[in-house]
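A.B. asks: Provided below are the primary sequence and the corresponding predicted coordinates.
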Amino acid sequence: MSFTPSTPWQDRSVVVTGGTRGIGRGIAEAFARRGAAVALTGRDAKTAEEVADGLARATGGRVCGVGADLREPEAIEALAAEVERRHGHIDVLCANAGIFPEKPLREMTAADIDEVLHVNLRGSMLAVRACLPAMERVGRGRVVLTSSITGPTTGFPGWSHYGASKAGQLGFLRGAALELAPLGITVNAVLPGNIRTEGLDAMGADYLRRMTASIPLGRIGETADIAHAALFLASDEAAFITGQTLTVDGGQTLPESLDSLDSLEAP
Ligand code: NAP
């Protein structure tokens, strides 16, 4: 192990689920800019291909788009097979796709719960399982889950099913990290705070203003903030890190009260 940055990104094949927009697109861009071969996914193949073409043009990198609905186990298996066919191998999986529909608990149906758990929790678990044979063939691998502060660290009224899915990812992460350690595959998670994406914008200007006020570093996060964390956890430099979480939230989960935020002084 040397102290010189060593990851040969140009030899790495990376799958990013939910790469058609938001955090996933940012993660895909970061890997593409390092020279990795990137496959980004979304439900619709045509949309994924269009986003991939745009990213390839913008970065000069190698990016392809593959359609796969994470609610469908066969589609996830087909995705892994397709990426291995195109790239010859899979080294990194960023299991990032997720949904966050608001639903108060008293109105929540079994179908609402199933939808969120199927995409966010079962979908990421099945994506890891589907990429496993390819990583075993390589003899090492990196899994980076996009979890959230919501669930593992905090709660948010209206998002209890979402919080359960994101906390569930961490239970999965710890078991998977142990099982896959002998194969040289690490499994870690990034826990984003509030990150500026189309999904977050849909929460409205008032939400964004109030969220910004609750973040000690004074801004909503950028997709690049999460992408850089994912890049590190997927790098060779992170070889000795597994089963861990990395919170990227601008300090949002630090204050113990509104008073502790109010007492912060602007320079
Ligand atoms: P987003 O802008 O809404 O993007 C969601 C992505 O997931 C899209 O690429 C979408 O692709 C894909 N997706 C949704 N349903 C899918 C399905 N059934 N099958 C396959 N792909 C599906 O969301 P985001 O804000 O970037 O969030 C990305 C991840 O970060 C999620 O796991 C989210 O929980 C987590 N997160 C976000 C924030 C935040 O502040 N933004 C904070 C904490 C955690 P298509 O629509 O093309 O299918």
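C.D. replies: On my side now, so go ahead.
A.B. asks: how about the residues of the stretch 101-250 of the chain near the ligand?
C.D. replies: Residues of the stretch 101-250 of the chain lying near the ligand by CB under 6 Å from any ligand atom: 119, 146, 148, 192, 194, 195, 197, 198, 199, 200. Where C-beta positions appear, they are placed from N, C-alpha and C, glycine not excepted.
A.B. asks: so which two of those residues are the farthest from each other?
C.D. replies: Spatial extent of those (CB to CB) is set by the pair 119 and 194 at 20.0 Å.
A.B. asks: how about the residues of the stretch 101-250 of the chain next to the ligand in CSV, adding neighbour count and secondary structure?
C.D. replies: Supplementary listing: those in CSV, determined by neighbours: other CB atoms under 10 Å; DSSP: H, G, I helix; E, B strand; the rest coil:
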residue, neighbour count, secondary structure
119, 21, helix
146, 28, strand
148, 29, coil
192, 27, strand
194, 22, coil
195, 22, strand
197, 20, coil
198, 10, helix
199, 15, helix
200, 19, helix
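A.B. asks: tell me which of those is nearest to residue 171?
C.D. replies: For those, the nearest to residue 171 is residue 148 (14.1 Å; CB to CB).
A.B. asks: Am I right that the closest one is in contact with residue 192?
C.D. replies: Yes. Contact criterion CB atoms under 8 Å: residue 148 and residue 192 qualify, at 6.1 Å.
A.B. asks: Count the residues that sit near the closest residue to residue 77 other than its chain neighbours.
C.D. replies: Spatially, and ignoring its direct neighbours in sequence, residue 77 is nearest to residue 130 (5.0 Å; CB to CB, 6 or more residues apart in numbering). Residue 130 has 24 neighbours, counted by other CB atoms under 10 Å.
A.B. asks: May I ask which helix or strand encompasses residue 130?
C.D. replies: In this assignment (DSSP states H and E), residue 130 forms part of helix 123-138.
A.B. asks: For that helix, could you pull out the residues that count as buried?
C.D. replies: 123, 124, 125, 126, 127, 128, 130, 131, 132, 134, 135, 138 (16 or more other CB atoms under 10 Å).
A.B. asks: Now do the contacts for the nearest residue to the fourth one once chain neighbours are set aside.
C.D. replies: This points to residue 126. Excluding its sequence neighbours, the residue lying closest to residue 126 (CB to CB, 6+ apart) is residue 76, at 4.7 Å. Residues in contact with residue 76 (CB atoms under 8 Å, 6 or more residues apart in numbering) are 68, 70, 123, 126, 127, 130.
A.B. asks: ok, the last one touching residue 75?
C.D. replies: No. Taking contacts as CB under 8 Å, residue 130 lies outside contact range of residue 75: 9.5 Å.
A.B. asks: returning to that earlier point: now the residue nearest to residue 126: which helix or strand?
C.D. replies: Judged by DSSP H and E, residue 76 forms part of helix 73-87.
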